[in-house]
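below is the sequence, then the predicted model.
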Amino acid sequence: MAQDLDEALTFTKYPTYPQYVEMMQYFSETYPDICRLDTFGSSVQGRLLLALKVSKNAELDEPEAAFFYTSSMHGNELVGYPLMLRLANYLLSGYGIDTEVTKLLDNLAIWINPLSNPDGTYYPNNDSSVAQSIRNNAVGVELNRDFPDPARAEPDDTTGRAKETKEMMELLREHRFNLSANIHSGAEVVNYPMDHTDSLHADDPWYRFVSREYADEAKAVDPDYMALFEDGITNGAAWYKIFGGRQDYVNVYLGGREITLELSNAYRMESVYLDEYWQKNERSLLNYMSQCLYGIRGKVTSQETGDPIRARIFVENHDSAYSVVYSSSTHGDYYRLIKEGNYDLVFSAPGYFNDTIHGVTVTDYQATLLNVQLEPFGLSVPVQEAPVFRIYPNPAVHTFMVEPENVPHGELELSLHTLDGRMIYHKLHSYHGSGIELSTKQMEPGIYLLRCTIGSLSEVQRLMVIKP
């Protein structure tokens with residue numbers, strides 16, 4: 001363990017918990033323009049859950065892709081913890097000096113959470129040592145089995161989950177990171193989606209491409225590194241299936257792109273090796289962040305007003321329900337990471353005509369700029385008139401319930417639409433206070449819009465359908 005802050009900042013010893021907090025504060029205070037410290041929650045035992053935002057204007061919400069590194073959700077998987085602190089220091093001290101670092105900070109909002117399970121790391125409630133660190137949190141929850149899981153058709157709900165899981169879910173939902181990685185120990189391999197099913201992600205070629213890039217760069221430093229699998233990479237389920245993992249939560253529920261980095265065979269790695277593992281991973285960590293700069297990107301705005309639109313960007317003959325991305329409602333910007341090729345994209349948003357762009361060319365390691373203006377057709381529902389109703393379970397597997405709340409009894413009109421506007425269900429139901437059950441039997445996996453109307457009140461909500 002480091003004896004003081006100065007030794008902790010050499011990144012060759014593990015920090016005590018107070019030193020960790022002090023280091024994070026040091027970064028934000030030393031580089032106030034490009035670094036913001038966010039306390040996004042606390043652990044069961046009250047330790048802070050901390051993340052740094054590193055960007056050219058850290059205090060501003062700008063139209064830029066968002067990237068996230070997080071480590072040590074298993075408290076005894078330690079190597080990523082000091083590596084993430086060292087990465088933060090590398091980025092902050094290199095801005096304006098190093099060309100690559102400057103480009104990253106000028107174009108990305110980079111978030112770094114070095115320690116997501118502090119109670120497990122400083123077990124048993126010992127802030128001065130990691131020597132007895134454990135995998136789970138302070139009350140025995142295995143955090144990487146605690147997220148909503150599509151195989152169990154669980155809703156995107158924090159109810160009943162560990163405190164650390166709830167805090168992380170809220171952070172992920174708030175920022176909707178375009179690209180992320182979750183760092184572990186216990187093996188040396190790049191693990192890409194999916195973990196819960198043998199079905200491959202729609203962007204499996206891209207995932208294998210960026211995973212190989214990470215592993216190849218690390219193996220160039222040490223050819224014996226990441227030797228568990230051929231090429232240093234594996235599909236998660238092909239290795240072994242897990243349920244309730246964070247990687248699949250991000251990919252399926254949030255539409256993000258996340259891999260799992262297993263960076264050392266040793267769990268509690270001796271500090272004498274920390275510099276060696278930084279050297280092995282430094283180049284790969286930077287390259288992976290840079291992937292967030294490529295693919296298809298642009299803005300979606302209204303043809304009538306020029307205002308930004310939250311639109312769905314669907315790649316025809318490619319996307320699944322989980323791989324589609326959306327533009328930001330604040331700035332209209334979107335980021336579609338995808339493997340080199342030619343694609344047809346459909347842009348759609350409620351109240352606007354679809355726009356299909358054919359033959360969009362993507363080249364690896366380059367960005368394809370595509371701005372789109374959508375034409376409105378003037379159909380809207382006043383927010384103040386919308387009733388409250390809920391859909392559960394959502395995602396749905398076999399059936400789902402529509403349960404109105406705080407609306408009068410009467411004739412309830414339900415209509416179900418695909419995201420490109422096709423109506424696939426329409427029926428009037430007599431509503432007297434009981435929920436209405438509908439079947440997904442005739443529905444393909446995907447995202448749908450469900451409109452519920454009673455009298456002059458009407459509301460639209462999204463429904464996700466998955467199949468076992």
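Happy to help now that I have it.

what's near enough to touch residue 262?
184-191 (C-beta atoms under 8 Å, 6 or more residues apart in numbering). Where C-beta positions appear, they are placed from N, C-alpha and C, glycine not excepted.

please name the nearest non-neighbouring residue to it.
The shortest distance from residue 262 to any non-neighbouring residue, by C-beta to C-beta, 6 or more residues apart in numbering, is to residue 187 (4.1 Å).

got the buried residues for stretch 109-128?
Residues of stretch 109-128 classed as buried: 109-123, 127 (neighbour count, 16 or more other C-beta atoms under 10 Å).

so which of the contacts of residue 262 are in strands?
184, 187-191 (DSSP state E).

export those to TSV and tack on neighbour count, pLDDT and distance to residue 67?
Converted to TSV, the ones in strands among the contacts of residue 262 look like this (neighbours: other C-beta atoms under 10 Å; pLDDT from 0 to 100; distance: C-beta to C-beta, whole Å):
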residue	neighbour count	pLDDT	distance to residue 67
184	21	98	18
187	17	98	24
188	24	98	23
189	23	98	21
190	28	98	17
191	26	98	18
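
distance to residue 400 for those - can I get that in a markdown table?
Converted to a markdown table, these look like this (distance: C-beta to C-beta, whole Å):
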| residue | distance to residue 400 |
| --- | --- |
| 184 | 35 |
| 187 | 38 |
| 188 | 42 |
| 189 | 38 |
| 190 | 36 |
| 191 | 32 |
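
which one of those residues sits closest to residue 63?
Nearest to residue 63 among these is residue 190, at 29.7 Å by C-beta to C-beta.

show me what contacts that closest one?
By C-beta under 8 Å, 6+ apart, the neighbours of residue 190 are 211-212, 214-215, 226, 232-234, 259-262.

repeat that for residue 235.
By C-beta under 8 Å, 6+ apart, the contact set of residue 235 is 191-194, 200, 204.

narrow these to those that are buried.
Of the contacts of residue 235, these count as buried by 16+ other C-beta under 10 Å: 191-194, 200, 204.

give the buried residues for stretch 20-34.
20-24, 26-28, 31, 34.

specify which member of those is nearest to residue 466.
The closest of these, once distances to residue 466 are taken by C-beta to C-beta, is residue 24, at 38.3 Å.

sorry, back to before: between which two of the buried residues of stretch 109-128 is the distance greatest?
For the buried residues of stretch 109-128, and using C-beta to C-beta, no pair is farther apart than 109 and 123, which are 32.5 Å apart.

which helix or strand in the protein has the lowest average pLDDT?
Across the helices and strands of the chain, the lowest-confidence element by mean pLDDT, DSSP states H and E is strand 388-392, at a mean of 77.

now, among the buried residues of stretch 109-128, which is nearest to residue 325?
Out of those, the member with the shortest distance to residue 325 (by C-beta to C-beta) is residue 109, at 16.2 Å.

chain center to the host helix or strand of the closest one, what's the gap?
Using DSSP states H and E, residue 109 maps to strand 108-113. Its chain's C-alpha centre and that of strand 108-113 lie 12 Å apart, by C-alpha atoms, centre = their mean, to the nearest Å.

ok, now stretch 288-298?
The answer for stretch 288-298 is 15 Å, by C-alpha atoms, centre = their mean.

send the alpha carbons of stretch 113-122 over as PDB?
Provided in PDB are the C-alpha atoms of stretch 113-122 (Å, rounded to 0.1, in the frame of the first residue of the first chain):
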ATOM      1  CA  ASN A 113     -14.800   5.000 -12.500                       C
ATOM      2  CA  PRO A 114     -11.700   3.300 -11.000                       C
ATOM      3  CA  LEU A 115     -13.400   1.500  -8.200                       C
ATOM      4  CA  SER A 116     -17.100   0.400  -8.300                       C
ATOM      5  CA  ASN A 117     -17.100  -2.000  -5.300                       C
ATOM      6  CA  PRO A 118     -15.000  -0.200  -2.600                       C
ATOM      7  CA  ASP A 119     -16.500  -2.300   0.200                       C
ATOM      8  CA  GLY A 120     -15.300  -5.500  -1.400                       C
ATOM      9  CA  THR A 121     -11.800  -4.000  -2.100                       C
ATOM     10  CA  TYR A 122     -11.300  -2.700   1.400                       C
END
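
report how many residues lie close to residue 73.
Each residue near residue 73 was counted by other C-beta atoms under 10 Å, and the total is 27.

which residues touch the residue lying closest to residue 291 once chain neighbours are set aside?
Spatial nearest neighbour of residue 291, chain neighbours left out: residue 210 (5.2 Å); criterion: C-beta to C-beta, 6+ apart. Contact analysis of residue 210 by C-beta under 8 Å, 6+ apart lists 259, 288, 291.

now do the same for residue 456: its pLDDT.
Per-residue pLDDT puts residue 456 at 68.

list the contacts of residue 247.
With C-beta under 8 Å, 6+ apart, residue 247 has these contacts: 182, 191, 193-195, 236, 258-260.

that one belongs to a helix, doesn't it?
Yes. Under the criterion used here (DSSP: H, G, I helix; E, B strand; the rest coil), residue 247 sits inside a helix.
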